[in-house]
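K.L.:
no sequence on this one, just coordinates:
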């Protein structure tokens, strides 16, 4: 069965709450530190057990290491967890001592451009896919702010987007997800809270403009708590990973994690909960809807399709492909097809317009039926190969070795890749016959 994670956002979501919950669910703090340490930032993470309305949870703090060797932990003074995560470019008028207390870097740690942040991420310890996802998330955050203020992304005040704590929240979350290796993520609708929030430009209703834009296409609701419950980074991480929204999916639970917000609301635990387990038997309706986005292109350098595919997959596309077609006036062209989650349609269309020469797209939402998927490791001479196994009502339908793993083992042993593939299949079937796969 496939691994699934459920986000319970009944008390909202924030970047540090997500990361705290994932660590509470079993992600080693050192694994996250390893990814962050490769960024070369002079900061660290610390965790502590706290109580929120009688519920024990992990509270995550960003620690700045001083030049004299002492560490300084910045505690939020107001807001849900860090109020605005320092990823609100429109908050740049706040001084450090009057803001919400989340890390506010000045000097060499602040005022980073999107390109500079992406460069940092490119040299991180994340996998290639993880780097692409983290970079796409940073870009999406900046694009939301640019749209709100009607300026190009290059002109967005990245004082806050570039703050170290926002980079840590995003890169840390990506590293944690890579460690957990879940196949699917489902989220509850997000409780955004209520009331108003004051930022540099004035007082605005909750959710703040950037948060609301990042939650486009995501089910939300307001509650009786008059406080900001969802921050931009929280909205970014949840909406980037969740493939669908609704109740807890059918699963056998094996991990639970609670990430604490700063405030302690009487009678309501201010936590984000993650539930992780193995999916149980599903029906066709459980597979969820997909959106198909299409456009014809006949005036683009074919070399640009590759980078466009990479950007679309990093932005959450489930699949991308191009089909050769014959267009009007006898011109050869390509039909670009992008499959994704309905909630990601707008973001995927943005990528299509930015990375290709098309001036219009069409889309349709359709249902789908899928096989249950799982990953199993087989040990071969030269390394471990992951097997992708698909089942239908408990019966194995397909089993295939991960190609990149086969290439790595082939390089280590000098064997042909096809021989490693065959060895992996034989090893898996031997385990399956013994009931170990």
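P.N.:
Arrived safely, thanks for sending. This one's a predicted model, so the numbers in the text were calculated from it and none came from an experiment.

K.L.:
Contacts only, for residue 194.
P.N.:
Contacts for residue 194 (CB atoms under 8 Å, 6 or more residues apart in numbering) come out as 206, 222-227. All C-beta spots, glycine's among them, are computed from the backbone N, C-alpha and C.

K.L.:
how does the chain divide into domains?
P.N.:
Structurally, the chain divides into domains by automatic domain parsing as follows: 3-279, 287-366, 372-433.

K.L.:
can you give me the helices in the stretch 101-250 of the chain?
P.N.:
114-122, 128-149, 164-180, 209-214, 232-241 (DSSP state H, counting those that start in this stretch).

K.L.:
what's the closest of these to residue 280?
P.N.:
helix 164-180 (18.9 Å; CB to CB).

K.L.:
Give me the angle between the closest one and helix 232-241.
P.N.:
For helix 164-180 against helix 232-241, the angle by axes from the mean of the first three to the mean of the last three CA atoms, to 10 degrees is 30 degrees.

K.L.:
Check which helices and strands helix 164-180 is in contact with.
P.N.:
helix 15-24, helix 29-37, strand 43-52, strand 55-65, helix 114-122, helix 128-149, helix 232-241 (3 or more CB pairs under 8 Å, 6 or more residues apart in numbering; DSSP states H and E).

K.L.:
Let's have these in TSV, adding distance to residue 167, mean neighbour count and mean pLDDT.
P.N.:
Below are the helices and strands packed on helix 164-180 laid out as TSV (distance: least, CB to CB, whole Å; neighbours: other CB atoms under 10 Å; pLDDT from 0 to 100):
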stretch	distance to residue 167	mean neighbour count	mean pLDDT
helix 15-24	10	29	96
helix 29-37	8	17	89
strand 43-52	9	16	91
strand 55-65	10	20	88
helix 114-122	6	17	84
helix 128-149	8	21	87
helix 232-241	10	28	94
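
K.L.:
So what's the residue count around residue 383?
P.N.:
When neighbours are defined as other CB atoms under 10 Å, residue 383 has 15 of them.

K.L.:
I'd like to know which helix or strand in this structure has the lowest mean pLDDT.
P.N.:
Ranking every helix and strand in the chain by mean pLDDT, DSSP states H and E puts strand 71-73 at the bottom, with a mean of 50.

K.L.:
picking that back up, so for residue 432, which of the helices and strands packed on helix 164-180 sits nearest?
P.N.:
Across these, closest to residue 432 is helix 128-149 (CB to CB), at 27.7 Å.

K.L.:
Now do that closest one: which elements does it pack against?
P.N.:
helix 114-122, helix 164-180, helix 209-214, helix 232-241, helix 305-314.

K.L.:
Which of the helices and strands packed on helix 164-180 sits closest to residue 198?
P.N.:
helix 232-241 (15.5 Å).

K.L.:
Okay, now the unreliable bits of the stretch 301-437 of the chain?
P.N.:
Applying pLDDT under 70 to the stretch 301-437 of the chain flags the ranges 435-437.

K.L.:
Please, where are all the strands along it?
P.N.:
With strands called from DSSP state E, counting those that start in this stretch, the stretch 301-437 of the chain shows them at 319-326, 332-340, 362-366, 372-380, 383-392, 395-401.

K.L.:
For residue 189, which non-adjacent residue is spatially closest?
P.N.:
Among residues not flanking residue 189 along the chain, residue 219 sits closest, at 3.9 Å (CB to CB, 6 or more residues apart in numbering).

K.L.:
strand partners of the helix or strand hosting residue 7, parallel vs antiparallel please.
P.N.:
Using DSSP states H and E, residue 7 sits in strand 3-8. Strand 3-8 has the following strand partners under DSSP bridges: strand 184-187 (parallel), strand 271-279 (antiparallel).

K.L.:
can you give me the end-to-end distance of stretch 258-267?
P.N.:
16 Å (CA to CA, to the nearest Å).

K.L.:
how about that stretch: buried residues?
P.N.:
258-263, 265 (16 or more other CB atoms under 10 Å).

K.L.:
just the contacts of residue 194 now: which is nearest residue 364?
P.N.:
Set against residue 364, the nearest of those by CB to CB is residue 222 (31.5 Å).

K.L.:
The closest one: how many residues sit nearby?
P.N.:
15.

K.L.:
quick one: it and residue 193 touch, right?
P.N.:
Yes. Contact criterion CB atoms under 8 Å: residue 222 and residue 193 qualify, at 6.6 Å.

K.L.:
so what's in contact with these two at the same time?
P.N.:
residue 206.

K.L.:
Tell me how far residue 169 lies from residue 433.
P.N.:
45 Å (CB to CB, to the nearest Å).

K.L.:
So for the two, which residue has more residues nearby?
P.N.:
Using other CB under 10 Å, the more surrounded residue of residue 169 and residue 433 is residue 169, with 30 against 9.

K.L.:
Out of the helices of the stretch 101-250 of the chain, the one nearest residue 375 is which?
P.N.:
With CB to CB as the yardstick, what comes closest out of those is helix 164-180 (12.0 Å).

K.L.:
what's the angle from that closest one to helix 114-122?
P.N.:
40 degrees.

K.L.:
Centre of the chain to helix 164-180, how far?
P.N.:
The chain centroid and the centroid of helix 164-180 are separated by 8 Å, computed with CA atoms, centre = their mean, to the nearest Å.

K.L.:
Stretch 397-412 now?
P.N.:
26 Å.

K.L.:
Same question for stretch 41-48.
P.N.:
With CA atoms, centre = their mean, you get 20 Å for stretch 41-48.

K.L.:
go on, stretch 352-367?
P.N.:
22 Å.

K.L.:
mind checking the end-to-end distance for that stretch?
P.N.:
End to end - CA to CA - stretch 352-367 spans 23 Å.

K.L.:
Buried residues, it. List them.
P.N.:
Taking 16+ other CB under 10 Å as the criterion, stretch 352-367 shows 352, 355-356, 358, 361 as buried.

K.L.:
Repeat that for stretch 198-209.
P.N.:
Buried-residue list, stretch 198-209, by 16+ other CB under 10 Å: 199, 204, 206-209.
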